[in-house]
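S.K.: build the 3D model from these lines:
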Amino acid sequence: MTSSPTPPPAPSGAPGGRGPLRRLRARGRDEAHRTASPLELFFDLCFVVAVAQAGIELVHSVAEGHAGQGILDYAMVFFALWWAWMNFTWFASAYDNDDALYRVVTLVQIAGVLVLAAGVSRAFEEHEFLVVWLGYAIMRVAMAAQWLRAARSGAGAERTTALRYAGGVLACQVGWLGLLFLPEGARPWWFLVMALLEMCVPPFAERHHTTSWHPRHIAERYGLFTIIVLGETIAAATVAVKSGISENDALGELLPIAAGGLLVVFAAWWIYFVVPVHGHLRSNRQAFLWGYGHYAVFASAAAIGAGLEVAVEQTVGKAHISTLAASAAVTLPTALYLLTVWALHSRHFKRGVSQQLVLPTTALLVICCTFLGHWAVFAAGVVCALSVVAGETLAARLAVRESGPAARAG
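M.R.: Alright, predicted model coming up:
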């Protein structure tokens, strides 16, 4: 990561002009009321289709007793989705001019993610990545075209940054061809190399010039995607419970899983949005670390839904795994989510040892819930709910203590 100097303020507001084609100029960081556009929301929804496909295949892998291979395939596919989404999000925050060409290229990226989603099943079941690579290539070539367009409108260091982005994106795309031709045993190692190279492109491109991403806009975009992923988790768990009830009439056994899963998701939402994280995003170093860390946040949030489906299938006898393994499919991603959210931004807004220990302690207790048999998911949900209560209570007490001296001084 790099800590580039703050760029000179760009003109406030979106680039002017009313024609269908406009110069793709940098937007200003001081724009007021900057919010996600309808196109960005549409982009997110289409990406969640692919996330759902990855989750379904993860459920099948874990339920059939192939958890290790399933998690590896899930990590690889999810990286492609997350990285393409993240690159678009940061580019849009800095350059979105919403003209006709920008919209068309973004729709091409959406088409790419749908192609990728179509290849997820084959990637999991046959370890064939051709369709996944093709979908990713469509998204990445379109992203490079956006950067080339930004380079054409820019000058000096800004133009150099845009060209570095375009060159890095295209070079990495060629490197991903290794997944198609290397032996199956070498692919995970090649994936790790290429993932690291991909993540090095932004720090390299922005060494001498920082793009004018908008802190509030970035925080909102990440928050919206978190909401969508958590919503997909609830939808997946609901379908699983409905299927279990209709096919096995196991309402009594499934109610604790449904209640515990709902508490986990509610607590996950509460914990993520309890702090105003945009104030923490002041430099590229802070923002890149925060943005990159969301790979674990998004992947674990989506995996919670997959874990709930596994727990339901194990309860009704569809999954050929133990109760312990089914419970771990929920508790482990939940603990990972809690730890990463704490590490990325919650800890920056907590004061005192008591507040800092709430989420790490909760993660540890959730892992311990794994060994509670059929009540593991429900217990994990209760623990997560109690962590929210504890956090709010500690924050309220701190506010009362601080308001006393302030009132006397007033």
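S.K.: so which helix or strand takes in the residue nearest the centre of the chain?
M.R.: Centroid-nearest residue in the chain: Phe298, 3.0 Å away (criterion: C-alpha atoms, centre = their mean). Phe298 belongs to helix 284-315 when assigned by DSSP states H and E.
S.K.: distance of Ala84 from Tyr136?
M.R.: 7 Å (C-beta to C-beta, to the nearest Å). Heads up, the C-betas are built off the backbone N, CA and C, glycines and all.
S.K.: quickly list what's touching both of the two.
M.R.: Gly112 (C-beta atoms under 8 Å, 6 or more residues apart in numbering).
S.K.: isn't the residue nearest to the centre of the chain up against Tyr74?
M.R.: No - the pair Phe298 / Tyr74 is not scored as a contact, 11.8 Å apart, by C-beta atoms under 8 Å.
S.K.: contact partners for the residue nearest to the centre of the chain?
M.R.: 51, 78, 82, 225-226, 229.
S.K.: on the three-state scheme, Gly70 is what?
M.R.: Here Gly70 is recorded as helix under DSSP: H, G, I helix; E, B strand; the rest coil.
S.K.: could you find the closest non-adjacent residue to it?
M.R.: Ser61 (2.4 Å; C-beta to C-beta, 6 or more residues apart in numbering).
S.K.: number of nearby residues for the one you found?
M.R.: Per other C-beta atoms under 10 Å, the neighbour tally for Ser61 reads 22.
S.K.: equivalent analysis for the one 5 residues further on, please.
M.R.: His66 sits with 15 neighbouring residues when counted by other C-beta under 10 Å.
S.K.: report the contact partners of it.
M.R.: His66 neighbours (C-beta under 8 Å, 6+ apart): none.
S.K.: do I have it right that Gly244 meets Leu254?
M.R.: Yes - in this structure, Gly244 is within contact of Leu254 by C-beta under 8 Å, at 5.2 Å.
S.K.: just want to know which of these two has more residues nearby.
M.R.: Ranked by neighbour count (other C-beta under 10 Å), Gly244 and Leu254 place Gly244 first, with 24 against 21.
S.K.: the host helix or strand of the more buried one vs helix 284-315, what angle?
M.R.: Per DSSP H and E, Gly244 falls inside helix 215-248. Angle, helix 215-248 to helix 284-315, by axes from the mean of the first three to the mean of the last three C-alpha atoms, to 10 degrees: 10 degrees.
S.K.: tell me how far helix 215-248 lies from the chain's centre.
M.R.: Centroid separation for helix 215-248 versus its chain: 12 Å, with C-alpha atoms, centre = their mean, to the nearest Å.
S.K.: who are the packing partners of it?
M.R.: helix 38-63, helix 67-95, helix 251-273, helix 284-315 (3 or more C-beta pairs under 8 Å, 6 or more residues apart in numbering; DSSP states H and E).
S.K.: Gly185 is nearest to which of the ones you listed?
M.R.: When the helices and strands packed on helix 215-248 are compared by C-beta to C-beta, helix 67-95 sits nearest Gly185, at 11.7 Å.
S.K.: report the distance from that closest one to the chain centre.
M.R.: Relative to the centre of its chain, helix 67-95 is centred 7 Å away, using C-alpha atoms, centre = their mean.
S.K.: over to stretch 206-223?
M.R.: Averaging C-alpha positions (C-alpha atoms, centre = their mean) puts stretch 206-223 16 Å from its chain's average.
S.K.: report the buried residues of it.
M.R.: Neighbour-count burial for stretch 206-223 flags 206, 209-223 (criterion: 16 or more other C-beta atoms under 10 Å).
S.K.: likewise for stretch 265-279?
M.R.: Across stretch 265-279, burial judged by 16+ other C-beta under 10 Å covers 265-269, 271-272, 274-275, 277-278.
S.K.: what's in contact with that stretch?
M.R.: Outside stretch 265-279, the residues that reach it (C-beta under 8 Å, 6+ apart) are 215-216, 218-220, 223, 226-227, 230, 233-234, 237, 290, 297, 301, 304, 334, 337-338, 341, 344-346, 348-349, 359, 381, 384-385, 387-388, 391.
S.K.: so what's Met199 closest to, chain neighbours aside?
M.R.: Spatially, and ignoring its direct neighbours in sequence, Met199 is nearest to Tyr292 (6.3 Å; C-beta to C-beta, 6+ apart).
S.K.: where does pLDDT dip in this protein?
M.R.: Scanning the chain for pLDDT under 70 picks out the ranges 1-19, 247-250, 278-280, 348, 402, 404-410.
S.K.: make it 50
M.R.: 1-6, 8-14, 16 (pLDDT under 50).
S.K.: tell me who's in contact with the residue nearest to Gly70.
M.R.: Here Ser61 is in contact with 67, 69-71, 73-74, 124 (criterion: C-beta under 8 Å, 6+ apart).
S.K.: farthest-separated two in these?
M.R.: The span of the contacts of Ser61, defined through C-beta to C-beta, is set by Ala67 and Phe124 at 12.5 Å.
S.K.: of the two, who's got more company?
M.R.: With neighbours defined as other C-beta under 10 Å, Ala67 and Phe124 compare such that Phe124 has more, 24 against 17.
S.K.: the more buried one and Ala75 touch, don't they?
M.R.: No - in this structure, Phe124 is not within contact of Ala75 by C-beta under 8 Å, at 11.7 Å.
S.K.: helix, strand, or coil at Ala335?
M.R.: Relying on three-state DSSP, one would call Ala335 helix.
S.K.: was I right about it contacting Thr370?
M.R.: No - judged on C-beta under 8 Å, Ala335 makes no contact with Thr370 at a distance of 9.1 Å.
S.K.: pull the number of nearby residues for Leu170.
M.R.: By other C-beta under 10 Å, 18 other residues sit near Leu170.
S.K.: contacting residues for it?
M.R.: Counting by C-beta under 8 Å, 6+ apart, Leu170 touches 140-141, 144.
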